[in-house]
Every structure is written in structure tokens, then in C-alpha cells.
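>>> when you get a sec, could you give me coordinates for this:
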Amino acid sequence: MFVELRGEALPRYMQRAAEIDRAVRRHHDELQRAYEAPGARERWREIARSWNFAAVNQLIREHNEWYPLEAALPMDPRTGDYVRIRGRSYRRAELGPHWVLEQFPP
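Below is the predicted model of the structure:
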């Protein structure tokens, strides 16, 4: 009897990308609620500076470090860097106060 085994789990880089996307959406939704709270706009820069992005930024750092190897990205011999994906770098920017203020201007 022949049994075929198939991997059902997504590759780690795909799982991590989905985790990052979910975390960014969660932060966005929580910030939206905070932004709409009475009196928040007067303190918005302070709120943006104090928002905790540690967990999602750790995932982003892992993505930026491991994605090229896990996804077997080829190198661009002209630049010495990994090839762009759909014209963009695979690297993701970490979140911080700048991101909050871009999404929700004071």
C-alpha cells in the first residue's frame, strides 16, 4: 500500500507575513478607536510615542532577516542585493510613532 504524505502547513515566511498583516490590522483598529475617543487628539502625539509595537516589530525584524533565505530569493548581480518583488523590496518597515501619525494625523 502506498501512502502519499503532503505538507499542509504554509512555509514559515508565509505564516510570518500573515501574522504581521494581522498584527498591523489589530494595531490600526485599536488606534482608530483611541483616535476617536474624546480628548485623544489633544494628546495624540504622546499616544503615538507611547504605543507598544514591540511584538510586531520583532516579527518584522525576523521577516527582514529570514525572508530572502526562506523564499529562496535570487540575488541581483548588479546591486548585490536580493531581487525586488513586483518592483518593491521584500523588507518591511518597523512600526512606530511615524506610522501612527501617517495613519492618523493629529
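>>> how about the helices in this structure?
Here the chain has its helices, by DSSP state H, at 12-36, 44-50, 54-70, 97-103.
>>> mind putting those helices in TSV, mean neighbour count, distance to Asp76 and mean pLDDT included?
All C-beta spots, glycine's among them, are computed from the backbone N, C-alpha and C. Below are these laid out as TSV (neighbours: other CB atoms under 10 Å; distance: least, CB to CB, whole Å; pLDDT from 0 to 100):
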stretch	mean neighbour count	distance to Asp76	mean pLDDT
helix 12-36	14	19	97
helix 44-50	15	36	97
helix 54-70	15	11	97
helix 97-103	15	28	98
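>>> can I get those in TSV with distance to Pro77?
Supplementary listing: the helices of the chain in TSV, determined by distance: least, CB to CB, whole Å:
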stretch	distance to Pro77
helix 12-36	23
helix 44-50	41
helix 54-70	15
helix 97-103	34
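>>> do you know which of those lies nearest Arg91?
Closest to Arg91 of the helices of the chain is helix 54-70 (CB to CB; 4.9 Å).
>>> quick one, which of the helices of the chain is nearest to Tyr82?
helix 54-70 (4.5 Å).
>>> which residues touch that closest one?
By CB atoms under 8 Å, 6 or more residues apart in numbering, the residues outside helix 54-70 that reach it are 11-13, 16-17, 19-20, 23-24, 27, 73, 82, 90-96.
>>> what sits against the most centrally placed residue in the chain?
Closest residue to the average C-alpha location of the chain: Ile20 at 4.2 Å, with CA atoms, centre = their mean. Applying CB under 8 Å, 6+ apart to Ile20 gives the contacts Val56, Leu59, Ile60, His63, Arg92.
>>> what do you get if the cut-off is 6 Å, keeping everything else the same?
Shown in contact with Ile20 (CB atoms under 6 Å, 6 or more residues apart in numbering): Leu59.
>>> good, we can wrap up now.
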